[in-house]
Every structure is written in structure tokens, then in C-alpha cells.
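# What would the 3D arrangement of this be:
(chains A and B)
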Amino acid sequence: MIEIQNVSKRYGDKWAVKDVSFTINKGEILGFLGRNGAGKSTTMNIVTGYISATSGRVLLDGHDILEEPREVKRHIGYLPEIPPLYNDMTVEEYLRFVCAIKEVSAKNVTNHVNDICELIRITDHRKRLIKNLSKGYKQRVGMAQALIGNPEIVIMDEPTVGLDPKQIIEIRKLIKELGEDHTVVLSSHILTEVADVCERLVIINKGQVVAQDTLENLTRGISDTFRFRLRVGGPERDAQKAIREIPGLVSIDSMGAKEPGTCDFLIESERDVDIRRPLNTLMSKMGYPILMLRPMDLELEDIFLQLTSDNEEVL
Amino acid sequence: MLAIWKREFQNYFLTPIGYVFMAVLLLASGVFFMLYNVLSNSSSLSTMFSNMNYLFMLVMPVLTMKLLSEEKHTRTDQLLLTSPVSITSIVCGKFLAAVTVFALSLVGTFFNVIVIVTYSKPYWGVIFSNYLGYFLIGCVYIAIGVLMSSLTENQVSAAVLTFGVNLGLQIIESVAPYVNLPSYLGWLNKIGSWFSLYSRYYTFTAGIVSLANVIYFLTFIAVMLFLAVRVIDKRRWSEG
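Sure thing, here's the model as predicted:
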């Protein structure tokens, strides 16, 4: 749907983004992840046509944003990092103004504003001046603004920054709802946020894309072993000794007893061997019930740090 | 463009700027009218209008200072520039909003004309040329203000810049003869005088509508607005 092709932007002698390429597919929620200053906002600003790239192209269904800006901008709703709100207008006046500049036909404006206020749940605040709204509501009005004109793609730059935990949960819920019938791009430096909301991730570091894949593949691709956490109801020494004999096991570390009469282990197995079945058979044969078996995928934080740390080679 | 104009026009009256601007212009025109017409027993509005010109230099920057600088400062330009509106319509919409407020204050001065029509014999041609000149030079100051406002994020800087340029264009003609340039640079003096707003405005107050001057003012406005569009567009490409 949107193709970002070798986009670079230079500020002075530094590259804010360098040779960034990725694709935003129709209907997906794409997470755009990077540390502060990694080039997220610059990329978002280029994709939405707010600034122009030094080199490279942004294409929406084959239309170049520089050659046909109006055509492309019609399909994109953008919520920048700081919501672009006019503080001296009421929510309704503001949304009507946005309708006018986004070419919503005059006879549909009232219905359209009503629908969006319902969706974003700001109907009760329509008559209030924007400057008197709380930060969470300002963010919502910013989201409402991005949805006006029913754009197919909604791009949000750090939509939850500065909100309290309850507001964050609400905004994430809204983003998920939006993802049902829009293509959503969400930039964030908060790992749990993208893990929670997004289907696919693009990770950017120092202006360059270092990884792009589904969350599952990213987590998996980084390690060549499976890790499990196991809790069995039996004596530690016997259980450990028996498990060691299972073919395909790489390591077993005791984690001590978390419940009386049980013991926990951290087990690592070869990637292409599923040791869960032999493990189960063995434990039941020995009369030690398995009380917990939990895969220990690498946490997103681990991937992120691994990908963005300076001395790490890129995937 | 209509949406931008409407928002900007409403904004002038959501904040005190619109009211204050109109009040100051009307107060000044009232005072000048009283001094030069009522108390001097004159039916010619020329003196009032030529004095208003100086006042413009001071108050016009207030009207235009925030037009584009504020958008940049509050980042609302991100909304405008990522919407399907052209930069030209953004700049023109804002320019026209300021022109509308100015034109409203102009309508307020019709009261003075009514007084003259009632108590004296009006020279319609002179009145018309005065109003035309007054309107055009007002638009020129607004266009300068729009350009200056596009150059900075800071409203006060925009206002001071506008004032400086207005003043420069006013005095360029009176200063030019006193600048002793070597003869091969004499053309600089000529250009300076040619650019002068005052002498061109003065012909209007004297009741002469010269097509050259009308075209000069209109071109001046167009160039200022064009430059403002270029400034905004250039910023998108900036690598600074």
C-alpha cells in the first residue's frame, strides 16, 4: 500500500534517516519502533508529506507523494507527536475546520463529526475549548482529527507519550479498534505498547532500519534454542538427573523451590527438537506431576537491545 | 482556502486582536477627521488618509504577526501541510482574512464620508482614489506582514521585522537623495525611489489614480505572497 523506498534525510552533516525502506501493507497495524532520536518522527513526517526527503521516494499505491501530494495526502490521516490543535477553538469547531480542509463534503460534515466523536468517545466534550481539555482528551481530539475524511491509513507518532496508565490503556484500545478497518502505523519507543497492539514491527536505530518482521519471528529469529520454565512436583536432584538424559536437551538450571514440595528449572533445548513430549512421559513415569511448563521466549526488550546496541551486528 | 480564511477571520474575533486593531484604526481616523476636517473646516479627506498611512506601519504588524509564525510555533502547520490543501491556498487564505478585518475597519470610516456629504460638497473622485489607495497600501502592509510571519516562529520577531520593512519602504525615498553614492551607483538611488511606497501612495491621496501605481501595489502584494509560499515550501526541504 505505502512503499518507502531508500528514503534519506540529512540535517547538516548528519543523517536523520538513511536509506530507509519498508512497506506498509493494507489492513495491518505496523509498529515503528526505535529509541528517542532514532529517526521515527522524521520518517513519519516524510511519509505524510510534512517534510521532504533528501533522497528516496514514498509511494502510495504507485502515487509519489511529491508528484501528487494532494492525491496521496487525501488517503493519510496523521497524528503527530504533538497533536496539532488550535487551543482557542472548541472541539467541534476544530473538527469542522479539519473536515473543511480535508474536503469532507459540506452536507456530510455534521454526521461525520458525530460518528468520529462517538468512535473516539469525545461526544460529551464537543462544546469545550481545546485549551481546557486534559492531556488525554487532547490526544483523543488529535486522533479524531486524523480520522476525519475516512483516510485509509492512519499514522500516529507516539500517541501515548505523557498519558497516565489508564489513558494509555484506553488509547491502545482505541488503536486496536481503529486497526479493524484502517491501516495503522504506530511509532513508539515503548516496547510493550507495540507488542500489545501491532502485528508487524519495523525497528529503526540511528536512522536505519535494523529489523522488520512479525513479533513472533523477531523473537524466534534471534536465538537458536527454545527455553522453557518447568515446575515439577518432586525432589529436585532426581528430576534434574532424569531430565538431563532427554535427547536434544542443551542445558538445565535449577531455579529453586517456589512452592513447597516442588522445584523449578530453566530448560533449554535444541530449536528443532521438541522435548516436551518425552519430558512429560518421563515425569509421569517417575510420578512427578508437571505443574507448569512455560515457554520463555526472548523478551522484546532483549531483541530491542540486541538490535540497537552499538556493538551488535545487524540481523 | 475558504476554510483557512474562515478560521483565521473568526480567530481575530475570538482573541482581542481583531477588536483592538479596528478600535485603534477607527479611533485614529476619528481623531484625524476631527482635527483636519471638522475643526479645519475642510471637506478633503486626503490629510486624514495620509496620516493614517503612518499609523498603519505601527498597527499592521500586530494584525499579521501570528498568521504563519503561530502555526509553526504550535506545530499546527503539521495539520495544514499534511492535508490536501496547497501552501498557496494556506497563505492566500490567511492574507485574505487579515484583509477582511482591515476592510471592515475601512467600512467604519464611511461615517466620516457621511458627515462630509451631509455638511459639505464631496469630491467623489478624490474620495474614491483615497479609499482605493488606502485599501491597496493596507493590503501591501499585510502582504509584507505575511511574508515576515513566514520567516520566524516568534510572533514578536515577526512584528518587529514587519515594522522594520514597512519603515524602510516608507523612508527609502526621503533618504535616497542624501546618500552620496558614486555616479556609477546612481541607479541604486533610482531603484530606491522607485520602490518607495510613500510617493506612490501620495498620488492616491492627491486624487490621482494611476494605473502604474495600482499595478505596482498589486504586483508587490503578489510577490510578497509568492515569497511566503516559497519560504514555507523551502522549510520542508531544509537540511539545516
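
# For the chain, which residue occupies the most central location?
Going with chain A. Centroid-nearest residue in chain A, with C-alpha atoms, centre = their mean: A:Val194, separated by 2.3 Å.

# actually chain B
B:Tyr141 (2.3 Å).

# Could you find the closest non-adjacent residue to that residue?
B:Met60 (3.9 Å; C-beta to C-beta, 6 or more residues apart in numbering or on different chains). (Each C-beta comes from the backbone N, C-alpha and C, glycine too.)

# Relative to the whole chain's centre, how far out is the helix or strand that the one you found is a member of?
Assigned by DSSP states H and E, B:Met60 belongs to helix B:46-64. What separates the centre of helix B:46-64 from the centre of its chain is 8 Å, taken as C-alpha atoms, centre = their mean, to the nearest Å.

# Next, the buried residues of it.
B:46-53, B:55-57, B:59-64 (16 or more other C-beta atoms under 10 Å in any protein chain shown).

# Report whether the expected contact of A:Arg74 with B:Pro84 is present.
Yes - the pair A:Arg74 / B:Pro84 is scored as a contact, 4.7 Å apart, by C-beta atoms under 8 Å.

# Could you tell me which residues touch both of those two?
Listed as contacting both A:Arg74 and B:Pro84 by C-beta atoms under 8 Å, 6 or more residues apart in numbering or on different chains are A:Lys102, A:Glu103.

# thinking again about what came up before, next SSE downstream of the helix holding B:Met60?
Assigned by DSSP H and E, the successor of helix B:46-64 is helix B:69-74.

# Would you mind identifying the next helix or strand past the lowest-mean-pLDDT helix or strand in chain B?
In chain B, no helix or strand scores lower on mean pLDDT, DSSP states H and E than helix B:186-195, which sits at a mean of 74. Following helix B:186-195 in sequence order, the next helix or strand is helix B:197-205 (DSSP H and E).

# distance of B:Met65 from chain A?
For B:Met65, the distance to chain A equals 16 Å [C-beta to the nearest C-beta, to the nearest Å].

# I'd guessed that residue sits against B:Leu147; true?
No - contact criterion C-beta under 8 Å: B:Met65 and B:Leu147 do not qualify, at 11.9 Å.

# which residue sits closest to the residue in chain B that chain A sits nearest to in space, ignoring its chain neighbours?
Nearest residue of chain B to chain A, counting by C-beta to the nearest C-beta: B:Ala3, 3.3 Å away. Nearest non-adjacent residue to B:Ala3, counting by C-beta to C-beta, 6+ apart: A:Ala100, 3.3 Å away.

# Okay, helices next: where are they in chain A?
A:40-47, A:69-73, A:91-101, A:109-120, A:135-147, A:165-181, A:191-197, A:215-221, A:236-244, A:276-286, A:300-308 (DSSP state H).

# In the chain, where is pLDDT below threshold?
Answering for chain A, as no chain was given. A:219-224, A:297-303, A:309-315 (pLDDT under 70).

# meant chain B actually
For chain B, the stretches flagged by pLDDT under 70 are B:177, B:240.

# Up against chain A, what does it have?
Counting by C-beta under 8 Å from any C-beta of the partner chain, the residues of chain B lying close to chain A are B:2-4, B:6-7, B:10-11, B:14-15, B:74-86, B:236-240.

# Go through those residues and flag which are in helices.
Among those, DSSP H puts B:2-4, B:6-7, B:10-11, B:14, B:74, B:77-81, B:236-237 in helices.

# which residues touch whichever residue of the stretch 201-315 of chain A sits closest to chain B?
Relative to chain B, the nearest point of the stretch 201-315 of chain A is A:Gly207 (13.7 Å; C-beta to the nearest C-beta). A:Gly207 makes contacts with A:Trp15, A:Ala16, A:Val17, A:Lys18, A:Val20, A:Ala38, A:Gly39, A:Thr42, as judged by C-beta under 8 Å, 6+ apart.

# go with 7 Å
Counting by C-beta atoms under 7 Å, 6 or more residues apart in numbering or on different chains, A:Gly207 touches A:Trp15, A:Ala16, A:Val17, A:Lys18, A:Ala38, A:Gly39.

# The second one and A:Thr43 touch, don't they?
In this case it means A:Ala16. No - with contacts counted by C-beta atoms under 7 Å, A:Ala16 stays clear of A:Thr43, the gap being 8.6 Å.

# between the two, which one's more packed in?
Per other C-beta atoms under 10 Å in any protein chain shown, whichever of A:Ala16 and A:Thr43 has more neighbours is A:Thr43, with 29 against 24.

# Spatially nearest residue to the more buried one, not counting backbone neighbours?
Nearest residue to A:Thr43, sequence neighbours excluded (C-beta to C-beta, 6+ apart): A:Val17, at 5.4 Å.

# And for B:Thr64?
Nearest one to B:Thr64, counting by C-beta to C-beta, 6+ apart, is B:Gly145 at 2.6 Å.

# For that neighbour, what is the enclosing helix or strand?
Per DSSP H and E: B:Gly145 is located in helix B:124-151.

# Packing partners of that helix?
Counting contacts by 3 or more C-beta pairs under 7 Å, 6 or more residues apart in numbering or on different chains; DSSP states H and E, helix B:124-151 is packed against helix B:46-64, helix B:87-108, helix B:155-175, helix B:197-205, helix B:211-237.

# And it, what's buried?
Within helix B:124-151, the residues scored as buried using 16+ other C-beta under 10 Å are B:126-127, B:129-131, B:133-151.

# do stretch A:59-76 as well
For stretch A:59-76, a neighbour-count test (16+ other C-beta under 10 Å) marks A:Leu59, A:Leu60, A:Ile65, A:Pro69, A:Val72, A:Lys73, A:Arg74, A:His75, A:Ile76 as buried.

# Pick out the most distant pair among the residues you listed.
A:Leu59 and A:Arg74 (14.8 Å; C-beta to C-beta).

# nearest residue to A:Cys263 other than its sequence neighbours?
Nearest to A:Cys263 is A:Glu236, by C-beta to C-beta, 6+ apart, at 3.9 Å.

# who touches B:Thr64 in this structure?
Counted by C-beta under 7 Å, 6+ apart, B:Thr64 has contacts B:Ala98, B:Ile142, B:Gly145, B:Val146, B:Ser149, B:Thr162.
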